[in-house]
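Colleague: Task: produce atomic coordinates for the following.
(2 chains)
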Amino acid sequence: MKNEIRTEFLGVELSSPLVLPAGVLDISFSSMNQVSAVGAGLVTTKSLTIESRKGHDGPVVAEVEGGMLNAMGLCNPGIDAGLEELKLLKTAAEADVEGPGNCPVNVSIFATDVNGFSDLAERVNNSEADFLELNLSCPNVMDEFGVPLAASEKTVAEIITAVKSVCVKPVIAKLSPNVTSLTRIAGAAAEAGADALCMINTLGPGLEIDIEAGRPVLSNISGGLSGPCVKPVALRLVYECRKSGLSLPIIGMGGITTGEDAVQMLMAGADLVGVGTAVYYRGPGVFGLINEELLSFLKRKGLESITDINRII
Amino acid sequence: MIKDKRTTLPIARIVEETENVRTFTFRMDVKAAPGQFIMLTDFKGGEKPFSISDNMLEDGKNGYLSVSIKRIGDFTRRLFDMKAGDIVSIRGPYGTPFFIPGKPDEKTPEVVSKIKPADFRPVLCGGGFGLPPLYLLAKRLLEAGVPAKNIKAVGAGRSEADLLFEQQFTGLGIPYTGAAESLDDVSAAASLEGGCGRICGTAAEALTEIATETNFVYASGPDLMMKSLIPQMPQDTEYQFLFERYMKCAIGICGSCATDPGGIRICKEGPALWRHQVEQLEDFGVYRRTASGAIELFENRLAGRDRA
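Modeller: Below is the predicted model of the structure:
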């Protein structure tokens, strides 16, 4: 029997269900191309803003038991330079004879209001992007911008409606787990016309204190929590969205480190699976490793395709 | 279990090397390899990478680790205001170190992996602030059995005052060639890459004079200075260069320090890169990425400095 991890997502053929999420190895075309070449089916750019941002001062990361706190602070070269990088990525991927040829790209954008998202979405619509992701949920810029937009059903719906009117590319809403009911927000996003959802952004945020210095470790004081310790929360939230009847495609992420984790995420109801912090534990080659582990699961269970993996609901 | 441990401790000693360079030493029981770096913070905003310049292990227990720091911005100015006993926090050592003969790995070119320590005749070429990590390298080369008479050190700088570590190298029995060109242009001397053309010239000239007897070149310094060495090396000379790029996480996930077009991460696969890796770099000596990830061409940077 042939086992296959190729999959289709919103009309685009992907070599693997694994996704590089925004914020990991995605500043330069080189990093994204490398991740695509080693086995990610879809790569997401760093969240792009109108103007460039240098991000927070260091320390920007702190390893904690079972995971990682990070507060990069949305560093990015700005939408213009980011879309130039996208061109370089597409060219490099096509020229790479050993790579998969095409490199589907999800361009992530961040703004603080409806108009900002619309402006950025228009730019992405005129680019080589395959998908547009709305970062509605960065937990690390609250001092600057207040509570993430993903906390409000109304705001989420307004942004998606506005973006959909200027962008024909599929729109993915990246949602926050740090809300009372993610299911309700997800429902509002679906109703407003989102084509897919991406969940979860980092959890918390959390705090780590250096007791010798008597200071927070991160310069931003708090940072979003990722890594294996958040996986049960991510699985539960994806599952609850499915249980609520949501039928949109979901990119499920949060602590996925192994093929077994990825299978769990697919069983919880995800269509694609994001792999981020695992790059720290297993290196950029983690995408190829998880692909192999997924294949060996399919083989062991006698399944042809990842779509044959039964959801628990 | 946490892999990336942080050590917060008092500064054990501060030694002034030049007006703008000081060596900070910490009592740390950690074995560092030459070319590796640490991330250092004072928890007041900012965490920066510094190459390890010395690492002594006394009776295997009470170790010392040193980094040499140049005063270039707000963060390093704050460090220069600190005294022994003040608290800083360190994580690392990080990165792929320099090659030591007799200890090849899978990336070592075959021709180099076969060289015995006794036959190894390296030049250690440092541009300005690039010299300190080469001092730890020299010590490790001697420990590996490379005779001191086989090793040559070249220090290139904008002025005599920028020629670091002369006494340290000669103290190891390693001849040190200082190549300095004094500059009247204070703004160029104060800048990071500015005035680099002059360092390149002096470094390359010095290398030409001594390169004939060598079979390996280690270099550490600004991109343009390292690049200027390549045409001066006898053909087919293998080399390793120590790279500097904007670093944030230092643990290989953020992508800030990745080079083009292969995505080599200077914090993981670097900072020490082999010739076959260097030859693939498109950004080497052409541009570097800023904190935002934006591309900044060296020529614009130098032009900007000249205007200023």
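
Colleague: pretty sure residue A:248 contacts residue A:192?
Modeller: No - the pair formed by residue A:248 and residue A:192 falls short of the contact definition of CB atoms under 8 Å, at 11.2 Å. Using the backbone N, CA and C atoms, a C-beta is placed for each residue, glycine as well.

Colleague: Check which helices and strands the helix or strand containing residue A:294 is in contact with.
Modeller: Assigned by DSSP states H and E, residue A:294 belongs to helix A:286-301. Contact partners of helix A:286-301 among helices and strands, from 3 or more CB pairs under 8 Å, 6 or more residues apart in numbering or on different chains; DSSP states H and E: strand A:18-20, helix A:259-268, helix A:278-282.

Colleague: now the angle between helix A:259-268 and that helix, please.
Modeller: Relative orientation of helix A:286-301 versus helix A:259-268 (axes from the mean of the first three to the mean of the last three CA atoms, to 10 degrees): 70 degrees.

Colleague: List the contacts of helix A:286-301.
Modeller: Defining contact as CB atoms under 8 Å, 6 or more residues apart in numbering or on different chains, one finds that helix A:286-301 is touched by A:1, A:3-5, A:16-18, A:20, A:35, A:38-40, A:256-260, A:262-263, A:275, A:278-279, A:282, A:303-306, A:308-309.

Colleague: can you tell me the distance between the two ends of stretch B:238-247?
Modeller: 27 Å (CA to CA, to the nearest Å).

Colleague: Please disregard the earlier target; I meant stretch A:219-233.
Modeller: With CA to CA applied, stretch A:219-233 spans 26 Å between its terminal residues.

Colleague: And that stretch, what's buried?
Modeller: Using 16 or more other CB atoms under 10 Å in any protein chain shown as the burial criterion, the residues of stretch A:219-233 that qualify are A:219-231, A:233.

Colleague: of these, closest to residue B:246?
Modeller: Minimum distance to residue B:246 across the buried residues of stretch A:219-233 is 15.8 Å, recorded for residue A:219 (CB to CB).

Colleague: surely the closest one meets residue A:57?
Modeller: Yes - the criterion here is CB under 8 Å, and residue A:219 meets it with residue A:57 at 4.4 Å.

Colleague: Now do the shared contacts for those two.
Modeller: Residues touching both residue A:219 and residue A:57 comprise B:45, B:46, B:47, with contact defined as CB under 8 Å, 6+ apart.

Colleague: picking up where we left off before, save the helices and strands packed on helix A:286-301 as CSV, and put in distance to residue A:181 too.
Modeller: Output for those, formatted as CSV (distance: least, CB to CB, whole Å):
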stretch, distance to residue A:181
strand A:18-20, 25
helix A:259-268, 17
helix A:278-282, 28
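
Colleague: since we're on residue 51, how many residues are nearby?
Modeller: As the question left the chain open, I've gone with chain A. The criterion is other CB atoms under 10 Å in any protein chain shown. On that basis, residue A:51 has 10 neighbouring residues.

Colleague: Let me rephrase: I mean chain B.
Modeller: 27.

Colleague: Check residue A:292 too.
Modeller: The burial metric for residue A:292, expressed as a neighbour count using other CB under 10 Å, is 13.

Colleague: And the residue of chain A closest to chain B?
Modeller: Nearest to chain B in chain A, going by CB to the nearest CB, is residue A:58, at a distance of 2.9 Å.

Colleague: Can you verify my assumption that that residue contacts residue B:248?
Modeller: Yes - in this structure, residue A:58 sits in contact with residue B:248. The criterion is CB under 8 Å, and the distance is 6.3 Å.

Colleague: Could you pull up phi and psi at the residue located most distally from the centre of chain A?
Modeller: Relative to the centre of chain A, and counting by CA atoms, centre = their mean, the farthest-placed residue is residue A:212 at 35.3 Å. Taking degrees, to the nearest 10, you get phi -70, psi -40 for the backbone angles of residue A:212.

Colleague: Was I right to think it contacts residue B:6?
Modeller: No - assessed by CB under 8 Å, residue A:212 is found out of contact with residue B:6, at 9.2 Å.

Colleague: number of nearby residues for the closest residue to residue A:145 other than its chain neighbours?
Modeller: Taking CB to CB, 6 or more residues apart in numbering or on different chains, and ignoring the residues beside it in sequence, residue A:145 has residue A:112 as its nearest neighbour in space, at 5.1 Å. When neighbours are counted by other CB under 10 Å, residue A:112 registers 14.

Colleague: Need the pLDDT of residue A:112.
Modeller: Per-residue pLDDT puts residue A:112 at 94.

Colleague: What distance do you get for the residue of chain B found nearest chain A to residue A:226?
Modeller: Closest contact between chain B and chain A, by CB to the nearest CB, is at residue B:47 (2.9 Å). When distances are taken as CB to CB, to the nearest Å, residue B:47 and residue A:226 turn out to be 19 Å apart.

Colleague: Please name the spatially closest residue to residue A:228 (chain neighbours excluded).
Modeller: Closest to residue A:228 by CB to CB, 6+ apart is residue A:255, at 4.7 Å.

Colleague: downstream neighbour of the helix or strand containing residue A:155 in the secondary structure list?
Modeller: In the assignment (DSSP H and E), residue A:155 maps to helix A:153-166. Proceeding C-terminally, helix A:153-166 gives way to strand A:171-174 as the next helix or strand, assigned by DSSP H and E.

Colleague: Quick one: list the elements packing against that next one.
Modeller: Using 3+ CB pairs under 8 Å, 6+ apart as the contact test, the elements touching strand A:171-174 are strand A:131-135, helix A:153-166, strand A:196-199.

Colleague: As JSON lines, the ones you listed with mean neighbour count, distance to chain B and mean pLDDT would be great.
Modeller: Converted to JSON lines, those look like this (neighbours: other CB atoms under 10 Å in any protein chain shown; distance: least, CB to the nearest CB, whole Å; pLDDT from 0 to 100):
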{"stretch": "strand A:131-135", "mean neighbour count": "26", "distance to chain B": "16", "mean pLDDT": "98"}
{"stretch": "helix A:153-166", "mean neighbour count": "19", "distance to chain B": "24", "mean pLDDT": "96"}
{"stretch": "strand A:196-199", "mean neighbour count": "26", "distance to chain B": "18", "mean pLDDT": "98"}
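
Colleague: Contact partners for the residue nearest to residue A:93 when sequence neighbours are not counted?
Modeller: Nearest-residue entry for residue A:93: residue A:103, 3.5 Å, with adjacent residues in sequence omitted and distances by CB to CB, 6+ apart. With contacts defined as CB under 8 Å, 6+ apart, residue A:103 is in contact with A:32, A:33, A:36, A:43, A:89, A:90, A:93.

Colleague: If you count neighbours, what's buried in the longest strand along chain B?
Modeller: Among the segments of chain B that qualify as a strand by DSSP state E, the longest is strand B:47-58. Burial within strand B:47-58, assessed by neighbour count using 16+ other CB under 10 Å, is assigned to B:47, B:48, B:49, B:50, B:51, B:52, B:53, B:54, B:55.

Colleague: Now do that strand: which elements does it pack against?
Modeller: If you count contacts as 3+ CB pairs under 8 Å, 6+ apart, strand B:47-58 packs onto strand B:21-27, strand B:37-41, strand B:62-70, helix B:132-143.

Colleague: what ranges do the helices span in the chain?
Modeller: Picking chain A for this. Counting by DSSP state H, residue ranges of the helices within chain A are A:29-37, A:79-95, A:114-125, A:142-145, A:153-166, A:182-191, A:231-243, A:259-268, A:278-282, A:286-301.

Colleague: Wait, chain B was what I had in mind.
Modeller: So, for chain B - with DSSP H - the helices run B:74-80, B:110-113, B:132-143, B:166-171, B:186-190, B:196-210, B:223-229, B:275-278, B:298-307.

Colleague: Lowest average pLDDT across those?
Modeller: Between these, the lowest average pLDDT goes to helix B:186-190, which shows a mean of 34.

Colleague: hmm, back to that, which one of the shared contacts of residue A:219 and residue A:57 is nearest to residue B:299?
Modeller: Closest to residue B:299 out of the shared contacts of residue A:219 and residue A:57 is residue B:46 (27.9 Å), distances taken as CB to CB.
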